[in-house]
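1. This is a predicted model, with the sequence first.
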Amino acid sequence: MGGSGDAAKKTQEQLAMERRQRMKLDEETAASERRLKAVAQKKLGKQSLLAKPMMEKKAPAPTVEKKNNKSLFGRAASMAAMMAGR
């Protein structure tokens with residue numbers, strides 16, 4: 001389709017730019033790994049082999065507030081009906 005099979009040789013500027021990008025990426029990766037390592041060490045440091053296991057607390061069951069035998073949804077529906085009637 002009209003092209004030679006050889007890739008064009010990269011210029012010195014392109015090579016320098018790729019090298020800078022690779023160095024910057026390596027620096028960012030190293031910094032990220034240091035942060036993750038610090039977080040992991042802090043998390044592990046707080047755990048104690050002698051600590052008692054904590055009891056799991058169950059969340060309270062969701063409740064529906066009722067006032068004058070109408071749920072919150074019922075009050076909203078009746079308010080909407082009143083507003084539509086105006």
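-> That came in fine, so what should we check first?
2. Where does residue 6 fall, secondary structure wise?
-> For residue 6, there is no host helix or strand (DSSP states H and E).
3. Can you pull the phi and psi angles for it?
-> phi -90, psi 140 (degrees, to the nearest 10).
4. what pLDDT does it get?
-> The score at residue 6 is 76. That number is its pLDDT.
5. can you count the residues close to it?
-> The tally of other residues near residue 6 (other C-beta atoms under 10 Å) stands at 6. Every C-beta, even on glycine, is put in place using the N, C-alpha and C of the backbone.
6. who touches it in this structure?
-> For residue 6, the contact set (C-beta atoms under 8 Å, 6 or more residues apart in numbering) is empty.
7. Now do it against residue 12, distance only.
-> 19 Å (C-beta to C-beta, to the nearest Å).
8. ranges for the helices of the protein?
-> Using DSSP state H, the helices found in the chain span residues 12-46, 72-85.
9. CSV for those, including mean pLDDT and mean neighbour count?
-> Converted to CSV, the helices of the chain look like this (pLDDT from 0 to 100; neighbours: other C-beta atoms under 10 Å):
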stretch, mean pLDDT, mean neighbour count
helix 12-46, 90, 10
helix 72-85, 68, 10
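10. Perfect, that will be all.
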